[in-house]
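Colleague: Using only what follows, build the 3D model:
(one chain, ligands or ions: 1)
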Amino acid sequence: MTSRRDAEHKLRALREQLQRHNYRYYVLDDPEVPDSEYDRLMRELQALEAEHPELITPDSPSQRVGGAALTAFGEVRHAVPMLSLENAFEAEDVREFDRRIRERLEVEEVEYSCEPKLDGLAISIRYEAGLLARAATRGDGATGEDVTANVRTIKAVPLQLLGKGWPRVLEVRGEVYMPKKGFEALNKRLTEMGEKTYVNPRNTAAGSLRQLDPRITASRPLEFYAYGLGEVEPDTLPGRHSEMLEKLRGWGLRVNRETRRVKGVDGCLAYYADIGARRDGLPYEIDGVVYKVDRHDWREELGFVARAPRWAVAHKFPAQEMMTVLNSVDFQVGRTGALTPTARLEPVFVGGVTVSNATLHNMDEVERKDIRIGDTVIVRRAGDVIPEVVGVVLPKRPKGARKVKLPKKCPVCGSEVVRPEGEAVARCSGGLFCAAQRKQLIQHFAARRAMDIEGLGEKLIDQLVEQELVRTPADIYRLKAETFSELERMGEKSAQNLMDSIEKSKDTTLARFLYALGIPDVGETTAGDLALHFGELEALEEAGMAYEKLRLKLGDEDPKEAEKQLKELDLRKVEGIGPRVAEQIGAFFGQAGNRKVIADLRKGGVRWPAGAGRAAGPQTLAGKTLVLTGTLPSMTRDQAKDLILSHGGKVAGSVSKKTDYVVAGSEAGSKLKEAERLGVTILDEAGLMRLLQS
Ligand code: IVH
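Modeller: Alright, predicted model coming up:
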């Protein structure tokens, strides 16, 4: 137990901090610390107040909901206060919540409505006689801001309710949010315009809604989900939350399709696990799920405590953003020589794993975010995405924090580092002299979707390059089984297996081979397009060299005139190849060293069906874009992808209006849903096979 004096002292400090964070979060939409830090401080405050209840003051942040209203907007008093939710972090907290409810109600089992907890901004929309009359933010729960003009610009919010039978006054409550895609696109736009970016979609939604100029709000991709009610007059609505949501849906309001009615706490926990597993695939950010007692009469019986109802709880997911200290910055050299600043962090548990390295993307980002060594930073890890540093907690910057400096020499090979004027990326100029670039080129060359050399993995490649046994991809085909068996920890059997897979990889396609060469900006799709267009490697080589020759000749010409001439060359006639990619292809084939490696590879036995290009099958899917999702019954996703590519089709990673078909197997998730929403044709494996033959 903390002594009373210590507790008073500590309480004052905690309250001050929380008040400050509340202000930054609710009033400025610009939080300094991640939510996880706010939650931690709040829990500390609540625990201390529980120990010393006599020290609780009415203005303690634990007793309040949200923050004060921003005065620039008119004030709206909520007829029914907008409350907050109690948080649960562990399954045991949820069991406790359910136990308390069953005890109070004296019932055996409770039905709950389970909903994703969207990370956006709570809003109350008032309809009078079916017409949108007013919209307000939560504010401090009792009084919010009038954001009617801005909410009217959100397309998902009906200005007039559909159908009939709505009460004279109907206040719909829900969340305004920005989908992940919209958030990324907006931040990209803001970066390009040199403006301040938002740290997360929640922030962005809030910042976008609270614009004084509704035209700005209108330009932001905001959406809305309804999940509750405020004032309803006369109250003729169904007696269950789930039925009420159905009613709202019928009146044209958007209700989350992931909402489920379940029985008991086990139903809740199963829902939590299911949504948790699909979290990254959802098109919006969520920070947990919400369980609500479904029966309204029971809710009334349960009532409220200080800031939240007893009949609902938010079950949070592990935080995806945490604070930690940036100890140092290293630079990693990629396949094309790009230097990526990498943060070395004080290890921190975030997004379900311990993270000690995170990407800083490039020097522009480091400078824009003003990240310094010694800073306390916010690290984000969402799903399988590489952890990244999203920002600095400025108030925690120590005196001696040092700026991050781009090294003048490559940390791997010592060659000059160049960063062309106006470009974000700095590169090592060492090319294949640089071991880091060589290693990664070889890794790329051997990868499954390139030459597919099974067993030639990262560790082995490191050894081969370090001992100078492999300098270029062509050297792979000169290796002998004895060489492998001499390498550390490789038995004779494994050495022979590896020799076999090297041998097997020689039979390939032109498209795979081109992709394997690792020409900057030439991914699988471009490699396929090149193979299809040229059919033969020699033709492409010639086109590349011709392009490079003309480009160098035009070097000092007026860029417009140069582009006019370059556009006429064969290389630019290939679908999807613009000046940037053409320049890379030209530069690659223009180098005699690269042409020599290609010749050596062919001498070493690498071959592909003559004249076929990518066109191994009839081009029944030419011009079509497909998306694969879920598990197919008789082939892997890679096999399906190859089939589609060989029939002239394209495979995209996400569903959009431009998608022609979605091929769905079992356990297909959000992509299937998105296809249904957009009305994209959905096929199963058999349907795909029929399409290939049509
Ligand atoms: S119900 C009295 N349902 O979470 C119950 N809230 O911490 C009030 N939120 O202010 C809220 N998704 O901004 C509810 N399905 C959902 C929600 C949700 C997100 C937010 C909302 C609220 C906060 C409570």
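Colleague: Which residue ranges of the stretch 451-600 of the chain form helices?
Modeller: Ranges of helices in the stretch 451-600 of the chain, per DSSP state H, counting those that start in this stretch, are 458-466, 473-476, 481-486, 492-505, 510-516, 524-534, 537-553, 559-566, 579-590, 592-603.
Colleague: most packed of those helices?
Modeller: Mean neighbours per residue, mean count of other C-beta atoms under 10 Å, is largest over the helices of the stretch 451-600 of the chain for helix 510-516, with a mean of 25. Where you see a C-beta, it was placed from the backbone N, CA and C, and this is true even at glycine.
Colleague: For that helix, which helices and strands make contact with it?
Modeller: Helices and strands touching helix 510-516, by 3 or more C-beta pairs under 8 Å, 6 or more residues apart in numbering; DSSP states H and E, are helix 524-534, helix 537-553.
Colleague: how much distance is there from it to the middle of the chain?
Modeller: Counting by C-alpha atoms, centre = their mean, to the nearest Å, helix 510-516 is centred 29 Å from the centre of its parent chain.
Colleague: ok, back up a step: to the ligand, which of the helices of the stretch 451-600 of the chain lies closest?
Modeller: Comparison of the helices of the stretch 451-600 of the chain against the ligand by C-beta to the nearest ligand atom identifies helix 524-534 as nearest, at 38.4 Å.
Colleague: the inter-axis angle of the closest one versus helix 579-590?
Modeller: Interaxial angle, helix 524-534 versus helix 579-590 (axes from the mean of the first three to the mean of the last three C-alpha atoms, to 10 degrees): 70 degrees.
Colleague: what's the burial count for Leu326?
Modeller: 23 (other C-beta atoms under 10 Å).
Colleague: What score does it have for pLDDT?
Modeller: Note on Leu326: pLDDT of 97.
Colleague: for whatever helix or strand it lives in, which positions count as buried?
Modeller: Using DSSP states H and E, Leu326 sits in strand 321-333. Buried residues in strand 321-333, counted by 16 or more other C-beta atoms under 10 Å: Glu321, Met322, Met323, Thr324, Leu326, Val329, Phe331, Val333.
Colleague: now do stretch 443-453
Modeller: Residues of stretch 443-453 classed as buried by neighbour count (16+ other C-beta under 10 Å): Gln443, His444, Phe445, Ala446, Ala447, Ala450, Met451, Asp452, Ile453.
Colleague: Closest one to the ligand out of these, please.
Modeller: Set against the ligand, the nearest of those by C-beta to the nearest ligand atom is Ala447 (41.3 Å).
Colleague: can you pull the contacts of that closest one?
Modeller: Ala516 (C-beta atoms under 8 Å, 6 or more residues apart in numbering).
Colleague: Check the gap between it and Arg215 for me.
Modeller: 48 Å (C-beta to C-beta, to the nearest Å).
Colleague: coming back round to it: which other helices and strands does the strand holding Leu326 contact?
Modeller: Contacts defined by 3+ C-beta pairs under 8 Å, 6+ apart place strand 321-333 against helix 35-51, strand 338-350, strand 372-373, strand 376-380, helix 435-446.
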